[in-house]
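Colleague: below are the sequence and a predicted model for it; my questions follow.
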Amino acid sequence: MRPTIRTLVLTRGAPTLVAVAVAVAVVMAIPGHAHAGEAVAGAADEAAAAEIAKERTRLVPPFRCEVHTEFAPGAGGLPAGVVTALERDAAGALVAYTESGAARLSDGDRFVTVAEAPGRMPAAPPRDAAAIAGFTPDPAVAEEVARVLKEEATCAAGNPRDRDEAIIGTADGLRCFDGEKRLFIGGKDYAPPAEEWREMPWRETTCVAYGPDAVFIGSTRGLMRVRFGQGRGIRWDYYAGRRWLPDDLVTALLVEPDHTVWVGTKAGVARIAWPEMTLADKARAWESATRARHVRDGLINRCVFETPGVTAKSAKMWEDNDGLWTSLYVAAEALRYGATKELEAKRFADESFAALERLVAITSHPGFPARSFMRAGEFTVEEDRWPFTPDRQWRWRNDTSSDELCGHFFAVACWHDHCALTDEEKARARRHAGAIMNRIIAGGWRLLDENGQPTSWGRWDPEYFAGPGRAERGLNSLEILSFLKTTFHVTGEAKYQRAYEHLYVDEKYGTFLRTLRSVLLPRFINHSDDELAFLSYYPIMLYEQDPRFRPNLEHSLNKSFETERREKSPLWNFIYGAGMPAATDFGQGDAVEFLQEAPLDLIDWDGLNSHRLDFRRRFTDRFGSKQGERVVPVKERRAMRWNSNPYVLDSHGDAGVSGLCEYDGAMYLLPYWMGRAHGFIRENTK
């Protein structure tokens, strides 16, 4: 295929480089893509493009990541009652005190009762500066320090590295003293602090402790960490709910030199450690959880625990969108194989691609993929939704939606390009995409179910767009054009390209791309539709380089990403980066930071944030749920797939039970391996 040439103005931040270059739409070296390895014309232009490509690759060094461990009274060895103090004894062992007794940490994973140690009542708040270890107030603020301690203090801590600095906690925020400087957060009688200090999530403080590079603040609604510097001023982190704490009432703190923080609560002790790790380390942890509990006959989905939060006993689940979730895992493992050539990745990708093939074969209707399948009697299901196979040994879910097809074509593109090594494997990709596409074409651009009628969400025909589907024609046009382009790419059959051009030009589907919703207000965003759109953008933006068709696609993707950029999703950011010209800013740093911040824990804990003071503007989403004006940070919200609303403030675990289920790791594995495969992430891994 001839390269698509366009003129780009490449600006490298004044006063360094401004150059006009003739460049290929995307400058990459991704195997299997028509545009891979195409060079810019001219030596100067090649140098400029190489500089851009270099900046698109980010070396991600090791970083510190939270690892959580919980110790409960009874089974965890702790005495009953509120934890009142945490300290190191003369031998260096950690001791936790409650009102009823004390326990010493043994071998790092269990507390053992200390018979000779009595319990402790909660410590009284400090009432004079002498009670704050290591703190000598500057004379200029000594009177104010004395008044705050006498009238307001609930807790206090001095900075071990600076004798005239201390933080005093109150029932309404913090009083911070640093030499002659003073800063107050909360309290009606004080001048408001700098804007970044206003972001304190909760002000009713109970304890405070300095760490090596942060201050930890316990409260009646969780633990907070405030970090200084790092090029971004002050930054707050919030740890609450059962992902992080046995209970949100924090009663004691101990911070270690290695960054570990021990958190006492009224229901036990939590240890939050910050070991150094890489993104590859996190990917291995997510992969391990997925393989251990989330593979059912090659399909990938959530699991349910016998006891909330306890992974030892779990059962696999099914959902209407098993085909979609399995597709994301196929794509993740295919991209992983493309990036690393690890045989394990190919084995996992092949196993779940075979499950996608089986979703089609099991229905006995050529080209019709089931939503899911199961052994007869494996689950209790709606009888009319689950036909039997002819031998009545298996059942499959009908009424397949566009969600499933977006997954299938996304997966087949990744598997074909990165993982199909032999002629037979490439033939399997051709058969899979071709069979589904042929059924849609034969159905008049509709996906016909077993009863011969269109499925509920399987229409891409002009009549639908002119009538009840008018509002959906932007997204659905993108979907069907992407399906056709992908099928043409893997089969090479000209009939699919002719059909693509017919819809694009004659039926004006190319024009409809420009109407794909661009919603700037979070309250109106349909996050499920966004997922389908970006899964459809990925292959078509890689494969379509014809200047007759490219502009509308770029316009559409640009408008969609305008909405999504604020979510800092690594999947959306990397899809945008893969599909757009090499000079495009695709939020690479935000994507990497998201993966660094994403919790290792995939358990479906409640995420409750509506009480927080740092979410000052509130809206309701399209389902009536409260949401904020910005996304809730990934480690502070419920575990979510990419079709969920990251702005929502309160969300509960499956069936309303916190910690009952666990998600598979594909939601994080997919963007990580996409970043690796496209060169957006580079690590010095062993």
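Modeller: Structure received. Bear in mind the structure is a predicted one, so any value in this text is a computation, not a measurement. Residues are numbered from 1 along each chain as shown.

Colleague: so what's E544 up against?
Modeller: The contact partners of E544, by C-beta atoms under 8 Å, 6 or more residues apart in numbering, come to K485, R550, L553. (C-beta placed from N, C-alpha, C; glycine too.)

Colleague: quick check: the first one touching Y537?
Modeller: No. The pair K485 / Y537 is not scored as a contact, 11.0 Å apart, by C-beta atoms under 8 Å.

Colleague: picking that back up, ok, the contacts of E544 vs G589, which is closest?
Modeller: Of all the contacts of E544, L553 has the smallest distance to G589: 25.5 Å, by C-beta to C-beta.

Colleague: on the three-state scheme, the closest one is what?
Modeller: helix (DSSP: H, G, I helix; E, B strand; the rest coil).

Colleague: I'd say it and L513 touch.
Modeller: Yes. Using C-beta under 8 Å, L553 makes contact with L513 at a distance of 6.3 Å.

Colleague: dump the residue contacts of the residue located most distally from the centre of the chain.
Modeller: Computed with C-alpha atoms, centre = their mean, the residue of the chain farthest from its C-alpha average is P139, at 49.0 Å. P139 is in contact with no residue at all, counting by C-beta under 8 Å, 6+ apart.

Colleague: ok, and the closest non-adjacent residue to I681?
Modeller: G675 (3.8 Å; C-beta to C-beta, 6 or more residues apart in numbering).

Colleague: L516 now?
Modeller: Among residues not flanking L516 along the chain, G474 sits closest, at 3.4 Å (C-beta to C-beta, 6+ apart).

Colleague: check N526 too.
Modeller: R622 (6.8 Å).

Colleague: which of the three states applies to the one you found?
Modeller: Using three-state DSSP, the three-state assignment for R622 comes out as coil.

Colleague: burial of it, as a residue count?
Modeller: 12 (other C-beta atoms under 10 Å).

Colleague: following the chain onward from the helix or strand containing the residue nearest to L516, which element is next?
Modeller: Using DSSP states H and E, G474 sits in helix 473-491. Later in the chain than helix 473-491, the nearest helix or strand by DSSP H and E is helix 494-501.

Colleague: which other helices and strands contact that next one?
Modeller: helix 473-491 (3 or more C-beta pairs under 8 Å, 6 or more residues apart in numbering; DSSP states H and E).

Colleague: only alpha carbons, please: show the helix it packs on as PDB.
Modeller: This file holds the C-alpha atoms of helix 473-491, laid out as PDB (Å, rounded to 0.1, in the frame of the first residue of the first chain):
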ATOM      1  CA  ARG A 473     -25.600   6.600  13.400                       C
ATOM      2  CA  GLY A 474     -22.300   8.200  14.300                       C
ATOM      3  CA  LEU A 475     -21.200   5.400  16.500                       C
ATOM      4  CA  ASN A 476     -22.800   2.600  14.500                       C
ATOM      5  CA  SER A 477     -21.300   4.000  11.200                       C
ATOM      6  CA  LEU A 478     -17.900   3.800  12.900                       C
ATOM      7  CA  GLU A 479     -18.500   0.300  14.000                       C
ATOM      8  CA  ILE A 480     -19.600  -1.200  10.700                       C
ATOM      9  CA  LEU A 481     -16.900   0.600   8.800                       C
ATOM     10  CA  SER A 482     -14.300  -0.700  11.200                       C
ATOM     11  CA  PHE A 483     -15.700  -4.300  10.900                       C
ATOM     12  CA  LEU A 484     -15.400  -4.100   7.100                       C
ATOM     13  CA  LYS A 485     -11.900  -2.600   7.100                       C
ATOM     14  CA  THR A 486     -10.700  -5.200   9.600                       C
ATOM     15  CA  THR A 487     -12.300  -8.000   7.500                       C
ATOM     16  CA  PHE A 488     -10.700  -6.700   4.400                       C
ATOM     17  CA  HIS A 489      -7.300  -6.400   6.200                       C
ATOM     18  CA  VAL A 490      -7.300 -10.000   7.400                       C
ATOM     19  CA  THR A 491      -8.900 -11.600   4.300                       C
END
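
Colleague: I'd like to know which elements that helix is packed against.
Modeller: helix 402-418, helix 423-442, helix 462-466, helix 494-501, helix 509-512, helix 527-543.

Colleague: per-residue confidence averaged over the fourth one?
Modeller: Taken as a whole, helix 494-501 carries a mean pLDDT of 98.

Colleague: quick check: angle from it to helix 527-543?
Modeller: 120 degrees (axes from the mean of the first three to the mean of the last three C-alpha atoms, to 10 degrees).
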